[in-house]
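Engineer: what's the 3D shape of this:
(4 chains)
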2 protein chains.
Amino acid sequence: MNNTNENINQKVKLDDVANEAGVSKTTVSRVLNNRGYISEKTRKKVNEAVELLNYHPNEIARSLFINKTFIIGLIFPTTNNPFYGQLIFHLENICESLGYKVLLCNSEGREDKEKSYLEMLQRHQVDGIIAGSHNRGILEYDNPQLPLVGIDRYLSENTPVVSSDNYDGGKKATQLLIDKGCKKIIHINGSPSLETPANLRREAYEDVMKENQYYPQSYVIGENVIETIFNENPDVDGIFASDDLIASSVMKEAKRRNINIPADLKVIGYDGSEITRMLLPELSTIQQPVKEIANLAVRLLLKQIEGETESQIEWKLPVNLIESETT
Amino acid sequence: MNNTNENINQKVKLDDVANEAGVSKTTVSRVLNNRGYISEKTRKKVNEAVELLNYHPNEIARSLFINKTFIIGLIFPTTNNPFYGQLIFHLENICESLGYKVLLCNSEGREDKEKSYLEMLQRHQVDGIIAGSHNRGILEYDNPQLPLVGIDRYLSENTPVVSSDNYDGGKKATQLLIDKGCKKIIHINGSPSLETPANLRREAYEDVMKENQYYPQSYVIGENVIETIFNENPDVDGIFASDDLIASSVMKEAKRRNINIPADLKVIGYDGSEITRMLLPELSTIQQPVKEIANLAVRLLLKQIEGETESQIEWKLPVNLIESETT
DNA sequence: CTTTTTATGTCAACCGGTTAACAGAAGAAA
DNA sequence: TTTCTTCTGTTAACCGGTTGACATAAAAAG
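Structural biologist: Next comes the predicted model:
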């Protein structure tokens, strides 16, 4: 509104800045990227022109040339879940602090969506992908050279996976229920056909049960499973749910049936996200170190992007048992 | 691993496909974009070459030329919040279904972050921005020509704002507490200095209170505010919190003080996101039509992107009162 | 056997930056 | 005054696609 003729409608470009400052395109580029010799006077002139014209360098053009976008693709089931919401928050935060942006993909655990997202991310030339979705194998063969890191999901033979120490978490949860005197402990988990490190929670549960001469009994989450569990096992007195949302459903159903928690039934979940802790503080749970997971995942990805190789594939971070009122 | 020489290391490009298929660059481009005359035979040859070489068109190069990225920037405080998590999920979903991708920005309500994100999104040539962050004015002057839509936040004089019918929600919540016999009703809200449509919740509260000859009393959320409220108002028997997380804190504090809900104190929140409903089903609340809000916001943004103008600025979507056990 | 339609090719400009190469001018040091 | 730094400019190639102009060949229609 103040100046002459340039910013009528078209986007301001490098040339316009050069003209305004009375220098060449090259000089402007040098100022903006701090390369070569530049006098203070010219630097100032250029910066003033940038200000005046409200110039924003076209990162697309830049990306094309330098063959790098500084964009990371995130593929997760959904932000509408306290654990993933928190994880994605931290991932984005860390990326941002390191100069990377984040393209968000909600796969909803659907193989077709994940596939098309993957294709899309490649087309968009993302520098790398962090995925915490299902479906081993999809990412694998399609995708030989793009830097990849998995969170709680195996993606291929040699892509790093970051997860909480699921086995230890499962052990701690089961042991707690046993210590609290539960006799009939049932485990509820996601589909074990998804080969995820989270299956170790169940494995630990089974091992601990057997060690203590108990009979392990697992149900896979699904329609009406919780009702079924109560119907088939009226004597159940301990439930280890493989995530907090399932645990909360268990609590709801117990309440409906007038089963007193923790007197008659003890419940422990898994995840311990901030939101669950806030809305359901009475739930005992195994808390994952979300921020540390995010941190490590990003660091491992950037290492790959920078061409460094890392031989370690599996990374396990320690969990934290939170004992609250449901046990 | 199967083929000849092309895919040793370098990314496959249009030229490689053209060579492989024995046609020209132009022809490949025509096949991929369905332009001009192409025989079935050539189309097939090209597609086979694309398959064989595992070619992914470089969207960056394409974007540069067509001057459009099909990327939408999302600026919200954090995905680590049930309401925003759900909103962002839907926004991404709708964008995806319309061929747009989403760059995620967690502003954490910080003015400096929002500013630098805005700058970043412009550099990345996003086609538009949907923002639900604080700070009226920031987006305004910096940003005259980029298509913008606000969710529950005024961004400038003439950027569309989509929100739930906050006034009606505030009215319904307050009226419910009155109907249930509450005599001393307190409202807790976010900082009113942020000029957001959410302030209408408070306005409605005050209006309804006055209409009923009650004295309206609002507190701004902050450190220890909830304790203060109970300390200063031992006779409080109704609380209308301007979001569900605050309501849950109120419930927690009431429990600590052995105040029985709903017998001695009735509580109602605002938002009614899926996660809160799941983890805290007993909380009465005003539910926002999250998916519809997302839908409308995206539609309004795309209209702007396509150059259509829309005179309506404020869009209010109906809320839904959920009466549960806390009232 | 023409004429028209359909199919394909070559060529070059373009999108908006970066960068290397080379040249020349001003200022400081010898 | 001469030489060496430091500063700035011009030019052109390049990143990987898209697109319009123009030419030509084959197939279909008249």
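Engineer: State the separation between the helix or strand where A:K113 lies and the centre of the chain it belongs to.
Structural biologist: Assessed by DSSP states H and E, A:K113 sits inside helix A:111-123. Helix A:111-123 has its C-alpha centroid displaced from the chain centroid by 17 Å (C-alpha atoms, centre = their mean, to the nearest Å).
Engineer: pLDDT on that helix, on average?
Structural biologist: Average pLDDT, helix A:111-123: 91.
Engineer: Please identify the buried residues of it?
Structural biologist: For helix A:111-123, a neighbour-count test (16 or more other C-beta atoms under 10 Å in any protein chain shown) marks A:K113, A:E114, A:Y117, A:L118, A:M120, A:L121, A:Q122 as buried. All C-beta atoms are positioned from the backbone trio N, CA, C, and that covers glycine.
Engineer: Kindly report the same for stretch A:227-245.
Structural biologist: A:I229, A:F230, A:V236, A:D237, A:G238, A:I239, A:F240, A:A241, A:S242, A:D243, A:D244, A:L245.
Engineer: Would you point out the most distant pair within these?
Structural biologist: A:D237 and A:L245 (21.7 Å; C-beta to C-beta).
Engineer: Give the lowest-confidence helix or strand of chain A, using mean pLDDT as the measure.
Structural biologist: Sorted by mean pLDDT, DSSP states H and E, the helices and strands of chain A end with helix A:138-142, the least confident at a mean of 58.
Engineer: Any residue of whichever helix or strand comes after that one touching chain B?
Structural biologist: For helix A:138-142, the following helix or strand on the C-terminal side (DSSP H and E) is strand A:148-151. No - Strand A:148-151 stays clear of chain B (C-beta under 8 Å from any C-beta of the partner chain), getting no nearer than 14.8 Å.
Engineer: Other residues contacting strand A:148-151?
Structural biologist: A:87, A:128-132, A:139, A:155-156, A:159-163, A:293, A:297, A:300-301, A:304 (C-beta atoms under 8 Å, 6 or more residues apart in numbering or on different chains).
Engineer: could I get the helix or strand following that strand in CSV with only the CA atoms?
Structural biologist: Remark: after strand A:148-151, the chain's next helix or strand is strand A:161-164, criterion DSSP H and E. C-alpha atoms of strand A:161-164 as CSV (Å, rounded to 0.1, in the frame of the first residue of the first chain):
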residue,chain,number,x,y,z
VAL,A,161,12.1,-49.1,15.7
VAL,A,162,11.7,-47.0,18.8
SER,A,163,9.4,-48.2,21.5
SER,A,164,8.9,-48.3,25.2
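Engineer: Okay, now the unreliable bits of chain A?
Structural biologist: Filtered on pLDDT under 70, chain A yields the residue ranges A:1-10, A:134-144.
Engineer: What residues does the stretch 1-150 of chain A have near chain B?
Structural biologist: Residues of the stretch 1-150 of chain A found near chain B (C-beta under 8 Å from any C-beta) are A:9, A:54, A:56-61, A:63-64, A:69, A:71, A:74, A:78-82, A:85-86, A:88-89, A:92-93, A:96, A:101-106, A:113, A:119-120, A:122-125, A:142, A:145.
Engineer: Name the nearest residue to A:K255, ignoring sequence neighbours.
Structural biologist: Nearest residue to A:K255, sequence neighbours excluded (C-beta to C-beta, 6 or more residues apart in numbering or on different chains): A:I261, at 7.8 Å.
Engineer: List the buried residues in stretch A:184-192.
Structural biologist: Neighbour-count burial for stretch A:184-192 flags A:K184, A:I185, A:I186, A:H187, A:I188, A:N189, A:G190 (criterion: 16+ other C-beta under 10 Å).
Engineer: Mind picking the two most distant members of those?
Structural biologist: Most distant of the buried residues of stretch A:184-192, by C-beta to C-beta, are A:K184 and A:G190, 21.9 Å apart.
Engineer: mind listing the strands for the stretch 151-300 of chain A?
Structural biologist: For the stretch 151-300 of chain A, the strands defined by DSSP state E, counting those that start in this stretch cover A:161-164, A:185-189, A:217-220, A:238-241, A:266-271, A:284-287.
Engineer: So for DNA strand D, which of those sits nearest?
Structural biologist: strand A:161-164 (30.4 Å; C-beta to the nearest atom of the strand).
Engineer: so how far is the closest one off the chain centroid?
Structural biologist: 10 Å.
Engineer: do the same with stretch A:89-97
Structural biologist: Using C-alpha atoms, centre = their mean, the offset of stretch A:89-97 from its chain centre is 10 Å.
Engineer: Who does A:I186 form a beta bridge with?
Structural biologist: Beta bridges link A:I186 to A:Q217, A:I239 when assigned by DSSP bridges.
Engineer: Settle this for me: A:P262 is touching A:E323, isn't it.
Structural biologist: No - in this structure A:P262 lies outside contact range of A:E323 using C-beta atoms under 8 Å: 10.5 Å.
Engineer: Show me which of the two is the more surrounded one.
Structural biologist: A:P262 (17 against 12; other C-beta atoms under 10 Å in any protein chain shown).
Engineer: circling back: is it possible to get JSON lines of the strands of the stretch 151-300 of chain A that adds distance to A:K13?
Structural biologist: Shown next, in JSON lines, are those (distance: least, C-beta to C-beta, whole Å):
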{"stretch": "strand A:161-164", "distance to A:K13": "42"}
{"stretch": "strand A:185-189", "distance to A:K13": "56"}
{"stretch": "strand A:217-220", "distance to A:K13": "57"}
{"stretch": "strand A:238-241", "distance to A:K13": "57"}
{"stretch": "strand A:266-271", "distance to A:K13": "48"}
{"stretch": "strand A:284-287", "distance to A:K13": "50"}
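Engineer: Now distance to DNA strand C too, for these, in a markdown table please.
Structural biologist: Shown next, in a markdown table, are these (distance: least, C-beta to the nearest atom of the strand, whole Å):
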| stretch | distance to DNA strand C |
| --- | --- |
| strand A:161-164 | 32 |
| strand A:185-189 | 50 |
| strand A:217-220 | 52 |
| strand A:238-241 | 52 |
| strand A:266-271 | 43 |
| strand A:284-287 | 44 |
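Engineer: Which one of the ones you listed lies nearest to B:G272?
Structural biologist: B:G272 lies closest to strand A:266-271 among the strands of the stretch 151-300 of chain A, at 22.2 Å (C-beta to C-beta).
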